[in-house]
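Q: Show me how the following folds:
(one chain, ligands or ions: 3)
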Amino acid sequence: MMRTRPLKVALLGCGVVGSEVARIMTTHADDLAARIGAPVELAGVAVRRPSKVREGIDPALITTDATALVKRGDIDVVVEVIGGIEPARTLIRTAFEHGASVVSANKALLAEDGAALHADAERYGRDLYYEAAVAGAIPLVRPLRESLAGDKVNRVLGIVNGTTNFILDKMDTSGAGYSEALDEATALGYAEADPTADVEGFDAAAKAAILAGIAFHTRVKIGDVHREGITEVTAADIASARRMGCTVKLLAICERAADGRSVTARVHPAMIPLSHPLASVREAYNAVFIEADAAGQLMFYGPGAGGAPTASAVLGDLVAVCRNKLNAAPGPGESAYTRLPVSPMGDVVTRYHISLDVADKPGVLAQVATVFAEQGVSIDTVRQKGRQDSSGEASLVVVTHRAPDAALSGTVEALRKLDTVRGVASIMRVEGE
Ligand SMILES: NC(=O)C1=CN([C@@H]2O[C@H](COP(=O)(O)OP(=O)(O)OC[C@H]3O[C@@H](n4cnc5c(N)ncnc54)[C@H](O)[C@@H]3O)[C@@H](O)[C@H]2O)C=CC1
Ligand SMILES: N[C@@H](CC=O)C(=O)O
Ligand code: NA
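A: Ligands and ions are numbered 1, 2, ... in the order given. Alright, predicted model coming up:
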């Protein structure tokens, strides 16, 4: 039976995501009410620029005082789509204290201080939902928190940042320049307020921390995630990947160690074969593989960024939280009982693609091979090509078998010291084989 008294929602932030949340709440009001069992009413919208015209939003709802809004006491759900650590963190904690549950899209905050926020939610008996924080519209948090709660997840691997995937895709397929592609991603509403978070891998690292935490029932913070962005990826790297039948993607990889006693989480660009499903993830789409003991391999794919797709995830959470509220039954809280340590990147076993500029003379290949052998790194393939100029140099591309990352980086360090190695043109990990 439909309750007539509406559930009141406070919206914090009305930018790319917030404006779409407000629009869908209005246009789908009847369906949302039917699905929840009570109408939902937008009771206040906190913004930074009140003079901006916001189509479809009653100007009487606009306020610049977000703190007063979350302290009102009659708010059932606060939707936080401001972003950043503060004031978002204090506003969420204040919301819990004053009776509201929270839906947030803020991966930066959750990956930094998720444990404290979950503790507060539990203390006050509120919900904290954040499906939109990881991979936009794609359901990932809920499948991990609920559908796979009875299984044992061993690996989560995928593309979780739309902006960088958009840039790498444009560079690869249309030969677009890095800055031009970044500007386009920003104009389309994919990038963070400060796009450094995207291109330096902070955003993907935050998502990896959240995914690893939920998947392995442990605590992983953004600082535990090994992070490399895409700013060092060159057109030459992408061309080199093509020659090997690969493409370059920014991947997030979270793994449980074979002995089950630790986990790793990393974000870095990697070459993947064109035949791998992740290679065909274009533009701002994301895709994530989850490997679990009983379920086997699952793949999740869809729009990873943008106002409307992200708002879809926010609205899904809003419906769930409202239903929980009506049933007086909070949803799942944090599950971090395993307390597994996060191992350093050096322990991760992976493969390298190394492109070297070497002296074009006898014995060089043997010297290079000796360095790999000394570090215990086995070579998979070698390709050497003399230059058609007077430099006396050749280009040598080595792809390794799997080895600990510490041994691989030790190999590169030792190679740099050889007189015959004139330069290391590029180093990239190879995944997905
Ligand atoms: N844009 C996207 O594709 C996605 C964004 N997110 C997350 O959603 C959140 C919002 O992102 P966007 O909407 O893209 O950012 P945005 O920058 O377009 O919107 C944020 C809005 O919050 C306002 N704001 C900042 N401080 C405020 C304060 N103290 N009080 C009231 N308003 C304040 C800003 O003026 C701005 O309009 C972030 O946490 C972001 O990481 C998550 C998934 C996808
Ligand atoms: N900036 C992020 C937005 C979604 O999380 C991205 O590009 O993926
Ligand atoms: Na999601």
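Q: Residue of the stretch 301-433 of the chain closest to ligand 1, please.
A: residue 305 (3.4 Å; C-beta to the nearest ligand atom). In short, each C-beta sits where N, CA and C put it, glycine included.
Q: ok, now how distant is that residue from residue 232?
A: 22 Å (C-beta to C-beta, to the nearest Å).
Q: With residue 372 instead?
A: Taken as C-beta to C-beta, the span from residue 372 to residue 232 is 23 Å.
Q: Please identify which of the two sits among more neighbours.
A: Per other C-beta atoms under 10 Å, whichever of residue 372 and residue 232 has more neighbours is residue 372, with 23 against 11.
Q: tell me the secondary structure for the more buried one?
A: helix (DSSP: H, G, I helix; E, B strand; the rest coil).
Q: Tell me how far it lies from ligand 3.
A: For residue 372, the distance to ligand 3 equals 41 Å [C-beta to the ion, to the nearest Å].
Q: so that residue touches residue 408, yeah?
A: No - judged on C-beta atoms under 8 Å, residue 372 makes no contact with residue 408 at a distance of 9.5 Å.
Q: Overlap of the contact sets of those two?
A: Common neighbours of residue 372 and residue 408, using C-beta atoms under 8 Å, 6 or more residues apart in numbering, are residue 400.
Q: could you pull out the strands for the stretch 301-433 of the chain?
A: 349-359, 379-386, 393-400, 403-404, 421-430 (DSSP state E, counting those that start in this stretch).
Q: in its sheet, what does the longest one sit against?
A: Taking DSSP bridges as the criterion, strand 349-359 forms sheet pairs with strand 393-400 (antiparallel), strand 403-404 (antiparallel), strand 421-430 (antiparallel).
Q: most tightly surrounded among these?
A: strand 393-400 (a mean of 20; mean count of other C-beta atoms under 10 Å).
Q: Next, the angle strand 379-386 makes with that one.
A: 170 degrees (axes from the mean of the first three to the mean of the last three C-alpha atoms, to 10 degrees).
Q: same question for strand 393-400, mean pLDDT?
A: For strand 393-400, mean pLDDT is 94.
Q: contact partners of it?
A: 240, 244, 351-360, 364-365, 368, 372, 377-387, 408, 411, 422, 425, 430.
Q: Now do residue 104: how many residues are near it, please.
A: Look at residue 104: counted by other C-beta under 10 Å, it has 27 neighbours.
Q: List phi and psi for it.
A: phi -130, psi 150 (degrees, to the nearest 10).
Q: Who are the contact partners of the nearest residue to it once chain neighbours are set aside?
A: Nearest-residue entry for residue 104: residue 80, 4.3 Å, with adjacent residues in sequence omitted and distances by C-beta to C-beta, 6 or more residues apart in numbering. By C-beta under 8 Å, 6+ apart, the contact set of residue 80 is 12-13, 88, 91-92, 95, 102-106.
Q: Pull the distance from stretch 213-227 to the chain's centre.
A: Offset of stretch 213-227 from its chain centre (C-alpha atoms, centre = their mean, to the nearest Å): 12 Å.
Q: tell me the average confidence for that stretch?
A: Averaged across stretch 213-227, pLDDT comes to 98.
Q: List the buried residues of that stretch.
A: Across stretch 213-227, burial judged by 16 or more other C-beta atoms under 10 Å covers 213-222, 224-227.
Q: what about it and ligand 2, touching?
A: No - using C-beta under 6 Å from any ligand atom, stretch 213-227 never reaches ligand 2; the gap is at least 13.9 Å.
Q: Now that stretch - C-alpha only, PDB.
A: This file holds the C-alpha atoms of stretch 213-227, laid out as PDB (Å, rounded to 0.1, in the frame of the first residue of the first chain):
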ATOM      1  CA  GLY A 213      37.600  -4.000   0.100                       C
ATOM      2  CA  ILE A 214      34.200  -5.300  -0.700                       C
ATOM      3  CA  ALA A 215      35.400  -8.300  -2.800                       C
ATOM      4  CA  PHE A 216      37.900  -9.600  -0.200                       C
ATOM      5  CA  HIS A 217      36.000  -8.500   2.900                       C
ATOM      6  CA  THR A 218      38.900  -6.400   4.100                       C
ATOM      7  CA  ARG A 219      40.000  -2.800   4.300                       C
ATOM      8  CA  VAL A 220      41.900  -1.300   1.400                       C
ATOM      9  CA  LYS A 221      42.600   2.400   1.300                       C
ATOM     10  CA  ILE A 222      43.600   4.400  -1.800                       C
ATOM     11  CA  GLY A 223      47.100   4.700  -0.400                       C
ATOM     12  CA  ASP A 224      47.400   0.900  -0.500                       C
ATOM     13  CA  VAL A 225      46.900   0.800  -4.200                       C
ATOM     14  CA  HIS A 226      49.900   0.800  -6.500                       C
ATOM     15  CA  ARG A 227      49.100   3.700  -9.000                       C
END
